[in-house]
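K.L.:
build the 3D model from these lines:
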Amino acid sequence: MANTKDSQLRKLVCGLEYENQAYQEGATIIAGLDEVGRGTWFGPVTAAAVILPRDCQLEGLRDSKLVSPQKRKRIAEEIKDQAIAWSVAHVEAAEIDRTNIAAATQLAFYEAFHGLDVVPDFLLIDAMLIEIEIPQLAIKHGDALSRTIAAASIVAKVTRDALMEELDEQYPGYGIREHKGYGTALHMQALQKLGPSPLHRMSFSPLRGLTRAFSLAIQNG
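P.N.:
Prediction:
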């Protein structure tokens with residue numbers, strides 16, 4: 001049943017149902033927030049906040065995972081051109097390890113919100129609330145259901161992917177450009193060969209076990 005529901009959601013074109021409801025209830029400036037990189041082994045979790053004009057016209061606006069990389073880049077530029085305000089925030093691997101990924105994701109949302117040049121009076125957030133005194137709504141699968149959250153999803157994804165390409169040059173050999181830090185067979189093979197980099201999330205279980213094994217291998221020569 002869950003797979004069927006997810007499949008149905010992925011076919012939806014992002015609408016404005018949640019935005020229109022918020023407007024009817026008195027909201028005037030709505031920000032959408034979404035994150036990317038929550039489940040990766042490497043690098044930051046990245047959040048974006050986007051405020052779109054009420055009459056915004058953007059073609060192909062949907063969950064970033066359903067849009068090709070080239071199309072995502074084009075749409076991201078259109079979003080930035082038309083947005084009233086937008087902001088991106090990164091929370092690094094060290095902070096994720098110090099707290100946990102849920103707390104780090106909330107922090108990324110909080111910082112993305114505070115990076116906006118215009119203060120919204122209502123927030124639509126993908127599957128999470130943040131500790132801030134502004135009316136907000138957490139929407140499960142929000143990036144597939146809300147146009148404003150989808151816009152944030154695309155901006156966050158394009159920004160983080162560009163960062164991963166830069167970090168691939170700083171930390172060669174891990175294949176970061178290809179897998180963007182996610183857990184893949186290629187990534188695990190590189191970790192087994194090279195050990196973790198300073199930007200790997202050491203608190204994530206695959207890396208905890210790998211770190212111990214790698215340290216023992218070095219000690220045993």
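
K.L.:
from here on, just use CA atoms for contacts and neighbour counts.
P.N.:
OK.

K.L.:
quick one, what contacts Pro53?
P.N.:
Taking CA atoms under 8 Å, 6 or more residues apart in numbering, we find Pro53 in contact with Gln82, Ala83, Ile84.

K.L.:
contacts only, for the residue most central in space within the chain.
P.N.:
The C-alpha lying nearest the average C-alpha coordinate of the chain belongs to Val36 (CA atoms, centre = their mean; 1.6 Å). If a contact means CA under 8 Å, 6+ apart, then Val36 has Val45, Thr46, Ala47, Ser153, Ala156, Lys157, Arg160 as its contacts.

K.L.:
so what sits opposite it in the bridge?
P.N.:
Counting by DSSP bridges, Val36 forms beta bridges with Thr46.

K.L.:
can you check Ala138 too?
P.N.:
Beta-bridge partners of Ala138, counted by DSSP bridges, are Ile125.

K.L.:
got phi/psi on Val67?
P.N.:
phi -120, psi 140 (degrees, to the nearest 10).

K.L.:
so what's it scoring on pLDDT?
P.N.:
According to the predicted model, the pLDDT of Val67 comes to 88.

K.L.:
and the next element down the chain from the worst-scoring helix or strand of the chain on mean pLDDT?
P.N.:
Per-element confidence for the chain was summarised using mean pLDDT, DSSP states H and E. The lowest value among helices and strands belongs to helix 2-11, with a mean of 45. Using DSSP states H and E, the helix or strand that directly follows helix 2-11 along the chain is helix 17-24.

K.L.:
and that following helix, average pLDDT?
P.N.:
Confidence over helix 17-24, taken as the mean pLDDT, stands at 97.

K.L.:
with stretch 176-194 instead?
P.N.:
95.

K.L.:
now the end-to-end length of that stretch.
P.N.:
The first and last residues of stretch 176-194 sit 13 Å apart, counting by CA to CA, to the nearest Å.

K.L.:
list of residues touching it?
P.N.:
Surrounding stretch 176-194, the residues in contact under the criterion CA under 8 Å, 6+ apart are 37, 39-43, 161, 164-165, 167-168, 173-175, 210, 214.

K.L.:
any idea which of those residues is least confident?
P.N.:
Phe214 (51).

K.L.:
how about Glu131, nearest residue that isn't a chain neighbour?
P.N.:
Of all residues not flanking Glu131 in the chain, Tyr110 sits nearest, at 7.9 Å (CA to CA, 6 or more residues apart in numbering).

K.L.:
any idea how many residues pack against that neighbour?
P.N.:
Burial of Tyr110 is recorded as 20 neighbouring residues (other CA atoms under 10 Å).

K.L.:
how near is it to Cys56?
P.N.:
To Cys56, Tyr110 is 25 Å away according to CA to CA.

K.L.:
same question, Gly26
P.N.:
With distances defined as CA to CA, the gap from Gly26 to Cys56 amounts to 19 Å.

K.L.:
which residues touch the closest residue in space to Cys56 that isn't next to it in sequence?
P.N.:
Once its chain neighbours are removed from consideration, Cys56 has its nearest residue in Gln82; the separation is 7.1 Å (CA to CA, 6+ apart). Gln82 is in contact with Leu52, Pro53, Cys56, counting by CA under 8 Å, 6+ apart.

K.L.:
fine by me, thanks again.
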